[in-house]
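# quick one, structure for this:
(one chain, ligands or ions: 3)
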Amino acid sequence: MPGLIVVGSQWGDEGKGKVVDVFSAESDYVVRYQGGANAGHTLVVDGKKRVLHLIPSGILHSKTICIIASGVVLDIEQLYKEISALKETGMLTDPRQLLISDGATVLLPHHRALDLAREKALKNEKIGTTGKGIGPAYEDKASRRALLFGDLFGPADQLKHTLEKSLKEKNFLLEKFYGEKPFSAEELLAPIQKFSKLLEPHREKDASFVIDQALKAGRRVLFEGAQGSLLDLNHGTYPFVTSSSTIAGSACIGAAIGPGKIESVVGITKAYTTRVGSGPFPTELTNDLGAKIQEKGGEFGATTGRPRRCGWLDLVALRYAIRINGLTSIALMKLDVLSGLDEIRVGTHYKGDKGEALTDFPMRSRELHNVQPVYETHKAWAEDISQVTSFDDLPEAAKNYVYYIEKALGTPVDVVSVGPARDQTLWRKSLFK
Ligand code: GDP
Ligand code: IMO
Ligand code: MG
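Ligands and ions are numbered 1, 2, ... in the order given. Predicted coordinates:
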């Protein structure tokens, strides 16, 4: 029963793509179960960088089958672009290496347009979305007007009818509320037909069945989360969140797998914290040091190119992530970025507006805006650690930082990453039991 969930434990961009690519060498299947092309997962292999938005990060391993499950909102145009880019470099030669569930929600240009129109209208209260149409597509799903991937291969009149249901409402908003251009069913149908034909070889009517069969046969299945725990629609820093549930439980829902099939949940955690878009961020560094970490860590969005806000590690937020995901271990990423700092700080708890100590993550964004982090200071190390190949060879101060984190969080750090490439990964314990 080796089901393993990989989940971001902060505000996204923790390094999930790298970890999933590395873990995929030992995985038979990799499943994306939520989110859409708002994700930007970076893989660096043989010095070549690739960013995947919709395709699971196991795809560079030709023996690993990648599945896009029903919980995903699927931008068919973007997906086709990603498939083409992989094929151009000789990857994905067998279309059955990438399976798309019939239940995935189809994301279309009018969803993107509405996302952008809403953000524009919010002026200085923007969420800071990626503009990829994620919210409007999930709304269609929740209000039962969405086109599902399987619908693209059904009767043409029914497809048109469902599309018109979505357009009727979205066009009203676009045109009458936001003063933007509406879309006609005809202009959307032509690309839908084109892309559905191109994507049909990847069609999988019952992805949940495929995954269940694999788990029953003892195959290793890795569930790849997108975004991060604090961007979860239900339990994140609402309203500054994404429109899907990003926590580990979402893997079971998005892929239709019983929770009993999951053996472990790995929380991908940056050795510091970043956030892109608006919303509270207690340990944010708005000074030169924040800019230095941003530059050294290359902290610019993989999807939008926006600079990521940077700050210290936040143990209050991480304790919350451990709780809501049931993390069994942590992969600590980008430890190399902290080399050469004068000192390293860690937020251990917050002070509320009355000076009271808060050890639990406040549930309301407004409350989180008003807390003051309390820090503990740690010794830094001067050495470049990016070429270190074993955990034992790290400088004492770097090892102590890792020991401190696992003790403070009561959760083992099984993997430490010291660079974007596959071999810049220090294993302290093997992945699958
Ligand atoms: P994801 O969304 O969680 O997959 O993360 P992103 O790909 O958006 O951002 C992580 C960035 O950090 C990418 O540019 C990775 O190539 C890079 N990266 C991953 N792990 C490490 C690491 O250990 N050290 C350094 N320096 N970069 C890393
Ligand atoms: P990966 O998978 C970081 C953020 C956006 C915005 C909020 C809502 O690469 O970690 P949305 O477009 O989803 O409606 O935007 O969520 N966001 C991400 N931040 N990494 C991501 O994905 C993100 N996906 C969405 O910046 O604040
Ligand atoms: Mg990313």
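
# nearest to ligand 2: which residue in the stretch 251-400 of the chain?
Taking CB to the nearest ligand atom as the measure, the stretch 251-400 of the chain has Gly277 as its residue closest to ligand 2, at 2.2 Å. (Each C-beta comes from the backbone N, C-alpha and C, glycine too.)

# quick one: what helix or strand has that residue in it?
Using DSSP states H and E, Gly277 is not contained in any helix or strand.

# so what's it up against?
Under the criterion of CB atoms under 8 Å, 6 or more residues apart in numbering, the neighbours of Gly277 are Ile127, Gly128, Thr129, Thr130, Phe240, Arg306.

# which residues does the residue in the stretch 51-200 of the chain that ligand 3 sits nearest to bridge with?
Residue of the stretch 51-200 of the chain nearest ligand 3, by CB to the ion: Val51 (8.0 Å). For Val51, the beta-bridge partners under DSSP bridges are Thr42.

# can you read off the pLDDT for it?
pLDDT recorded at Val51 is 97.

# surely it touches His41?
Yes. Using CB atoms under 8 Å, Val51 makes contact with His41 at a distance of 6.8 Å.

# between these two, which is the more surrounded one?
More neighbours surround His41 than the other of Val51 and His41, with 25 against 15 (other CB atoms under 10 Å).

# how about the nearest residue to the more buried one, chain neighbours excluded?
For His41, ignoring the flanking residues on the chain, the nearest one in space by CB to CB, 6 or more residues apart in numbering is Gly17 at 2.8 Å.

# quick one on the thing from earlier: ok, now how distant is the residue of the stretch 251-400 of the chain closest to ligand 2 from Arg220?
Gly277 sits 34 Å away from Arg220, going by CB to CB, to the nearest Å.

# near ligand 3, which residues of this structure show up?
Within the chain, the positions near ligand 3 by CB under 5 Å from the ion are Asp13, Gly40, Ala302.

# at 6 Å instead, please
Gly12, Asp13, Ala39, Gly40, His41, Ala302 (CB under 6 Å from the ion).

# now do the contacts for the residue of the stretch 51-200 of the chain closest to ligand 3.
Taking CB under 8 Å, 6+ apart, one finds Gly17, Gly40, His41, Thr42, Leu43, Ala302, Thr303 in contact with Val51.

# please report how far it lies from ligand 1.
7 Å (CB to the nearest ligand atom, to the nearest Å).

# go on, Leu431?
16 Å.

# what helix or strand is that residue located in?
Here Leu431 is assigned to no helix or strand, by DSSP H and E.

# ok, the closest residue to Phe391 other than its chain neighbours - how many residues close by?
In space, and not counting its chain neighbours, Phe391 is closest to Leu426: 4.5 Å by CB to CB, 6+ apart. Close neighbours of Leu426, defined as other CB under 10 Å, add up to 21.

# quickly list what Leu426 is bridged to.
Leu426 has these beta-bridge partners by DSSP bridges: Val416.

# returning to that earlier point: inside strands: which ones of the residues of the chain next to ligand 3?
Among those, the ones falling in strands (DSSP state E) are His41.

# count of neighbours near Ile359?
Not Ile; residue 359 is Thr. Count around Thr359 with other CB under 10 Å applied: 11.

# also Lys123?
Neighbour tally, Lys123, other CB under 10 Å: 7.

# before we move on, what about Ser329?
By other CB under 10 Å, the residues close to Ser329 number 17.

# these two touch, right, it and Val266?
Yes. Counting by CB under 8 Å, Ser329 touches Val266, with 5.4 Å between them.

# anything in contact with each of the two?
Listed contacts common to Ser329 and Val266 are Asp414, Val415; contacts here mean CB under 8 Å, 6+ apart.

# list the contacts of stretch 229-246.
With CB under 8 Å, 6+ apart, stretch 229-246 has contacts from 7-12, 34-35, 38, 71, 73, 127-129, 134-135, 137-139, 225-228, 247, 250, 253-254, 267, 277-280, 317, 320-321, 324-325, 365, 368.

# if we go to 7 Å?
The contact list for stretch 229-246, computed with CB atoms under 7 Å, 6 or more residues apart in numbering, reads 7-12, 34-35, 38, 127, 134-135, 138, 225-228, 247, 250, 277-280, 317, 321, 324-325, 365, 368.

# go on, stretch 341-350?
In contact with stretch 341-350 (CB under 7 Å, 6+ apart) are residues 282-283, 312-316, 338, 357-359, 371-380, 401.

# out of these, list just those in helices.
Among these, DSSP state H puts Leu315, Val316, Tyr401 in helices.

# can you redo those residues as a markdown table with neighbour count?
As requested, the ones in helices among the contacts of stretch 341-350 are exported to a markdown table (neighbours: other CB atoms under 10 Å):
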| residue | neighbour count |
| --- | --- |
| Leu315 | 21 |
| Val316 | 22 |
| Tyr401 | 24 |
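
# before we move on, the earlier item: between the residues of the chain next to ligand 3, which is nearest Leu289?
Asp13 (19.0 Å; CB to CB).

# what's the spacing between the closest one and Thr274?
Applying CB to CB to Asp13 and Thr274 gives a distance of 6 Å.

# do Leu116 as well
24 Å.

# these two: which is more packed in?
The neighbour count for Leu116 versus Thr274, taken as other CB under 10 Å, is higher for Thr274 (25 against 17).

# give the helix, strand or coil label for the residue nearest to His41.
helix (DSSP: H, G, I helix; E, B strand; the rest coil).

# what's the local residue count around it?
26.

# touching, it and Ile55? I think so.
No. If you go by CB atoms under 7 Å, Gly17 and Ile55 don't touch, sitting 10.4 Å apart.

# so which bits of the stretch 101-250 of the chain are right by ligand 1?
By CB under 6 Å from any ligand atom, no part of the stretch 101-250 of the chain sits against ligand 1.

# do that again at 8 Å, thanks
Residues of the stretch 101-250 of the chain lying close to ligand 1 (CB under 8 Å from any ligand atom) are Ala226, Gln227, Gly228.

# which stretches in the stretch 101-250 of the chain count as helices?
For the stretch 101-250 of the chain, the helices defined by DSSP state H, counting those that start in this stretch cover 109-121, 134-142, 156-171, 185-199, 207-216, 249-255.

# for Glu77, see how far away Ser196 is.
On the measure of CB to CB, Ser196 and Glu77 end up 11 Å apart.
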